[in-house]
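Colleague: Whatever this is, show me its structure:
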Amino acid sequence: MNPLEGIAKPFKIYELRKRILFTLGMIAIYRVGSFIPSLGVNPIAFQEFFQRFRGTMAGLANIFTGGALERFSIFALGIMPYISASIIMSLMVHIAPSLEKIQKEGGEEGRRKITQYTRYLTVVISIIQSFGISIWLETVPHHIPIVPYPGLGFKLMTVIVMSTGALFVMWLGEQITERGIGNGASILIFASIITAIPPGFVTTMQGILTGQMNVVAGILLFVVVLLIIAGVVIMIQGHRKISVQYAKRIVGRRVYGGQSSYLPMQINMAGVIPIIFASSILTFPATIGAFFGPSLFDWIFYIPGWIRGSFWNLLYAGLTIFFVYFYISIIFNPNDVADNLRKSGGFVPGIRPGKPTADYLHLILNRITFVGAIFLAIIAILPDIVLPSFHAPFYFGGTSILIVVGVALDTLRQIESYLMMHHYEGFLKKARIRGRF
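Modeller: Residues are numbered from 1 along each chain as shown. Next up, the predicted model:
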């Protein structure tokens, strides 16, 4: 099939075309808002000052907002307060028995309550972050005043504008999830990250054409990036299939069950969350140093650079592996899975139901988690090791690669499901016309 036909095929279905166009429209609104500056700040002085935050948590947040934080726009906080609130609530649901009861026993109403709590927490996080930023900008040392007219008015205006912007971005994400295609929050982060790809590609090509970058180094750079992306795709889609057999049940004259199925266990079950946690912890001292001036951590620069880099990479990889095991232990409970299989009449061939099944699942989980943790650790530090070797004019870290590839694959799966549903409905319509139903 012609690739252009494959691209045009989703637009031939009215429902899918409407959802794709709605998603693109929401992304366009989000990108326009990221260029609308907030009031009370000297944008030139702020962008000049923000250059010291490259490689800190603020720099990572700037990538996730598509440069909105660096421009100090009304969407400077982006979708990150909502992401933080969602992560906190997902952890609290598994820790707090009351929240876990609401989610499990409340059904659709329980999920709505959890969503509402997430929104309230987003408001709190947005207010705290925006108020902290306003105080920081008034007191930060810089040769040009970043806030020309500090005071209570600036603080209130910053809190109102930035919190409202964060809540509006949250609303855009929810609208995409409900009426568009894909997960709204992930789509907005995806759109923010890929905005840095075209400028990086153009800068690289200009460096090759002007002789600032070797042609062979440029080709190898693109090959390495493509190999990293291919590895991420393979590992994200990889999973271990555990065979499950369901016992036969005779109800009246009918026989139910007896079919075979499998339980898929993803290799990368934790996703990108462990990398985000690890990078947040590691970049916190650098961010504090940037807030209070570079002299706070001057002693670090007396350590040789290769020792600092090696120690940072090892610590980054170690924290990533730790958070993989920590997060999976929260979101996946082999005892619950084994109990649900037993209640539904399912069992793993050769394994007794109950505790033996839970022990078997725990053993498999440990093995695939080890592979997934090593994979995440390598992806987390590999770009930081490889890209500087080629003097790359752009930064495309492991977290960004995982988010972009993961969101792209998930969105493609949803589009494929709509296409399959369309063909199935078409078959049913033809069958009705022929009088089969």
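
Colleague: burial count for S98?
Modeller: Using other CB atoms under 10 Å, S98 has 9 other residues around it. The way it works is simple: take the backbone N, C-alpha and C, and place the C-beta from them, glycine included.

Colleague: Quick one: list the elements packing against the helix or strand hosting A380.
Modeller: For A380, the host element (DSSP states H and E) is helix 355-389. For helix 355-389, the packing partners by 3 or more CB pairs under 8 Å, 6 or more residues apart in numbering; DSSP states H and E come out as helix 215-237, strand 239-246, strand 260-266, helix 273-292, helix 305-331, helix 334-343, helix 398-433.

Colleague: What angle do helix 334-343 and it make with each other?
Modeller: Using axes from the mean of the first three to the mean of the last three CA atoms, to 10 degrees, the direction of helix 355-389 lies 130 degrees away from that of helix 334-343.

Colleague: from the middle of its chain, how far away would helix 355-389 be?
Modeller: 17 Å (CA atoms, centre = their mean, to the nearest Å).

Colleague: Stretch 202-212 now?
Modeller: 31 Å.

Colleague: could I have that stretch exported to CSV, CA atoms only?
Modeller: Below are the C-alpha coordinates for stretch 202-212, written out as CSV (Å, rounded to 0.1, in the frame of the first residue of the first chain):
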residue,chain,number,x,y,z
VAL,A,202,18.3,22.4,10.9
THR,A,203,21.1,23.5,13.2
THR,A,204,22.9,20.1,12.6
MET,A,205,22.5,20.5,8.8
GLN,A,206,23.8,24.0,8.9
GLY,A,207,26.8,22.9,11.0
ILE,A,208,27.5,20.1,8.4
LEU,A,209,27.2,22.5,5.4
THR,A,210,29.3,25.2,7.0
GLY,A,211,32.0,22.8,8.0
GLN,A,212,31.5,23.3,11.8
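
Colleague: closest to E108 out of the helices and strands packed on helix 355-389?
Modeller: helix 334-343 (19.7 Å; CB to CB).

Colleague: Report the next helix or strand after that closest one in sequence order.
Modeller: strand 346-347.

Colleague: Sheet-wise, list the partners of that next one with their directions.
Modeller: Strand 346-347 has the following strand partners under DSSP bridges: strand 239-246 (antiparallel).

Colleague: thinking again about what came up before, got the buried residues for the helix holding A380?
Modeller: 357-358, 360-362, 364-365, 368-369, 372-373, 375-384, 386-387 (16 or more other CB atoms under 10 Å).

Colleague: Make TSV from the helices and strands packed on helix 355-389 and add mean pLDDT to it.
Modeller: Output for those, formatted as TSV (pLDDT from 0 to 100):
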stretch	mean pLDDT
helix 215-237	80
strand 239-246	82
strand 260-266	81
helix 273-292	63
helix 305-331	77
helix 334-343	84
helix 398-433	70
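
Colleague: Please identify the most buried of those.
Modeller: helix 273-292 (a mean of 18; mean count of other CB atoms under 10 Å).
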